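> Need a 3D model of the following:
(one chain, ligands or ions: 1)
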Amino acid sequence: MLKDKNIALYVTGGIAVYKVVDLMRGFIKQGANVRVAMTESATQFVSPLTFQILSTHEVHIDTFDERNPEIVAHVNISDWADVSVVAPATANSIAKIAHGIGDNFVTSALLATRTPIFIVPAMNTDMYENPATQANIETLKSRNVQFVEPDIGFLAEGYEGKGRYPENERIIEELNNFILSKTVDLPLRNRKILVSAGGTIERIDPVRYITNDSSGKMGHAVAEAAYKSGADVTLVTASKLPTPSGINTIRVDSANDMYDEINQHFIDMDVLIMAAAVSDYRVANAADSKMKKDDSSEPVTIELTENPDILKTMGSKKKDQFLIGFAAETDNLEEYAKKKLKEKNLNMIVANEVGQSDRGFNADENQVIIFTDDGERIEVPLTTKSEVANILVNKLIEELNK
Ligand code: PMT
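Model prediction:
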C-alpha cells in the first residue's frame, strides 16, 4: 500500500526520535517517497543530517528558511503529501495541532494539510494520561486524525507505563490499513460503528468484584471485521485484550461506565453492535474500603440492584441506527433470542448457545444463529470467532444496502 505514496514525516522532540530513523527506512523499503521536517527540539535528539542522507532530501526545520523563491516550503510539503505521519508526537505538538497553532515548520505544514494525518504519540505516562492531552487526542480523532495507541512498557524515566513508542512494524501495518481504508472503496466506508465487548465488572469493594466469563474475543473480532470493511469503529470494551489496530478503543469496567460511553457516542453512530456480556445487576452499596471478615456465623448478604439495559435503552432512542444484539442462552435459544430482538427493538440478533467449553464465553470458536427483524435465519456452524464476525459483518453490509 505504501508503494509510490508520498509521505511527509514530521518528527517532534522526544527520546523516540532515534527509532523514527528506522521507521523512515521501513517506509522507503516499501516503495514510499519520504520527505522529513523536524521541530527544533527533535534535532536535539538526532541530527537532521541522518534523516537527510537516508531520505535523500533536505530536512525542513525553520519556517523562514525559504530556499526556493518559487514555493512556500511548508505549504509545498503539505500539498505534496498523500499522507502525513507525525512520529514521535509529543504532548506539546499534539496540543498545537489540536488547537490550530502553527508556530514552527511542522505545525504550520500540518495546519495547511488537507490529506490524512496519522499520529504516533510517545511520551511519559503522566503526560499521556493528562486530561488535557486526552482531550486534544479526542478533538483530533473527531476530525478523523488517526492515532496509533502507544505501548505499555518500560519508559525512559525508568518505570513501566503507557506512552512508549510502539514497534515500527506495528506502525507500518497500521499505516497500511489506514491508507487502505482511505483509498479503496470498502463497503463500510463512511459508516460509523460502535461495538461493545467483554464482561463488565461490578465492584463489591476496592479489591473484590462480580463479573462473568466473557473474554471480549467475540466483540473485538466484530470490531476488527467492521474496521477491515472500511468502517470508522469505536470499541467500548471491558476486556483486557490488547487494543486492536486502527480502532478507537475506550476501556470501561462497570455496566454503568459502559452505558455512559455508549449513550454518549450512540447519537453519532450508524450501527451499534452489543457483543458485551453486561451484568444485569450491580452491588447496591459497594464499600469504599476493603470489607472485613465478619466473625459471627450469620450469612453475609450482598444486595444487588438492577443495571440499565444499555441495548434496550438505545433501541428505544434509535432513529436511523441499525442495532445488533447478541443473546447468550443455555436453553430455548431461538425463542429467547427472537424475544430479545423484538423487546429491544433490534434489526438483528445473534443467538449464541453458551454453556459448552468449546464455544461462546472465553472460547476461540463460536456457533451462532443470526436472526433479522424480517424473519431471516442464518446458521453459522462452529468456527473461529473471526469467521463468525466476518459473516455477521457481511450480513450487516447486505442489510445496510437494502
Ligand atoms: O467475550 P467472549 O468470551 O468472546 O464471549 C462472547 C459472548 C458469549 C459474551 C458473546 O458472543 C455474547 O453472547 N454476548 C452477549 C452476552 C449477553 O449478555 O447476552 P444477554 O442475552 O444477557 O443480553 C442480550 C443483549 O443485551 C446483549 O447484546 C447484551 O450486550 C445486551 N445487554 C444486556 C444486559 C444489559 N444490562 N445491557 C445490555 O445492553
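
> residues near Ala275, how many?
Residues near Ala275, counting by other Cβ atoms under 10 Å, number 28. For the C-beta atoms, the positions are set from N, CA and C on the backbone; glycine is no exception.

> how about the residues of the protein near the ligand?
214-219, 255, 274-278, 280, 307, 309-311, 325-328, 340, 352, 354, 360-362 (Cβ under 6 Å from any ligand atom).

> filter those residues to the buried ones?
Restricting those to buried positions leaves 214-219, 255, 274-278, 307, 309-311, 325-328, 340, 352, 354, 360-361, with burial counted as 16 or more other Cβ atoms under 10 Å.

> Take the residues of the chain next to the ligand and keep only those in strands.
Among the residues of the chain next to the ligand, DSSP state E puts Met274, Gly325, Phe326, Ala327, Ala328, Asn352 in strands.

> Straight-line length of stretch 355-371, end to end?
Its start and end residues considered, stretch 355-371 measures 21 Å (Cα to Cα, to the nearest Å).

> In it, which residues are buried?
Under the neighbour-count criterion of 16+ other Cβ under 10 Å, stretch 355-371 has Arg359, Gly360, Phe361, Ala363, Glu365, Asn366, Gln367, Val368, Ile369, Ile370, Phe371 buried.

> Which one of these is nearest to Tyr209?
Of all those, Tyr209 sits closest to Phe361, with 17.0 Å by Cβ to Cβ.

> Ignoring the adjacent residues along the chain, who's closest to the closest one?
Asp213 (3.9 Å; Cβ to Cβ, 6 or more residues apart in numbering).

> for the one you found, what are its contacts?
Contact partners of Asp213, counting by Cβ atoms under 8 Å, 6 or more residues apart in numbering, are Gly199, Ala277, Phe361, Asn362.

> my read: the second one touches Ser215, true?
Read it as Ala277. No: counting by Cβ atoms under 8 Å, Ala277 does not reach Ser215; the two are 9.6 Å apart.

> Check the contact lists of those two and give me the overlap.
Common contact partners of Ala277 and Ser215 (Cβ under 8 Å, 6+ apart): Gly198, Gly199, Phe361.

> ok, back up a step: so what does the residue nearest to Phe361 have for phi and psi?
phi -90, psi 10 (degrees, to the nearest 10).

> What is the least confident helix or strand in the chain?
Within the chain, no helix or strand scores below strand 151-154, which has a mean of 87 by mean pLDDT, DSSP states H and E.

> hmm, back to that, Throw the buried residues of stretch 355-371 into a markdown table and include pLDDT and distance to Glu129, thanks.
Output for those, formatted as a markdown table (pLDDT from 0 to 100; distance: Cβ to Cβ, whole Å):
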| residue | pLDDT | distance to Glu129 |
| --- | --- | --- |
| Arg359 | 96 | 37 |
| Gly360 | 96 | 35 |
| Phe361 | 97 | 31 |
| Ala363 | 97 | 34 |
| Glu365 | 97 | 36 |
| Asn366 | 97 | 35 |
| Gln367 | 97 | 40 |
| Val368 | 98 | 38 |
| Ile369 | 98 | 42 |
| Ile370 | 98 | 39 |
| Phe371 | 98 | 42 |
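
> Widest-spaced pair of the residues you listed?
Ala363 and Phe371 (21.6 Å).

> Tell me the secondary structure at Ala8.
Classification of Ala8 using DSSP: H, G, I helix; E, B strand; the rest coil returns strand.

> residues contacting the nearest residue to it once chain neighbours are set aside?
The shortest distance from Ala8 to any non-neighbouring residue, by Cβ to Cβ, 6+ apart, is to Ala81 (3.7 Å). Going by Cβ under 8 Å, 6+ apart, Ala81 touches Asn6, Ile7, Ala8, Arg35, Thr113, Thr115.

> And those, which of them are buried?
Neighbour-count burial (16+ other Cβ under 10 Å) is assigned, among the contacts of Ala81, to Asn6, Ile7, Ala8, Arg35, Thr113.

> Surely the second one is in contact with Ile28?
Meaning Ile7. No: assessed by Cβ under 8 Å, Ile7 is found out of contact with Ile28, at 9.1 Å.

> what is in contact with these two at once?
With Cβ under 8 Å, 6+ apart as the test, Ile7 and Ile28 both reach Val34.
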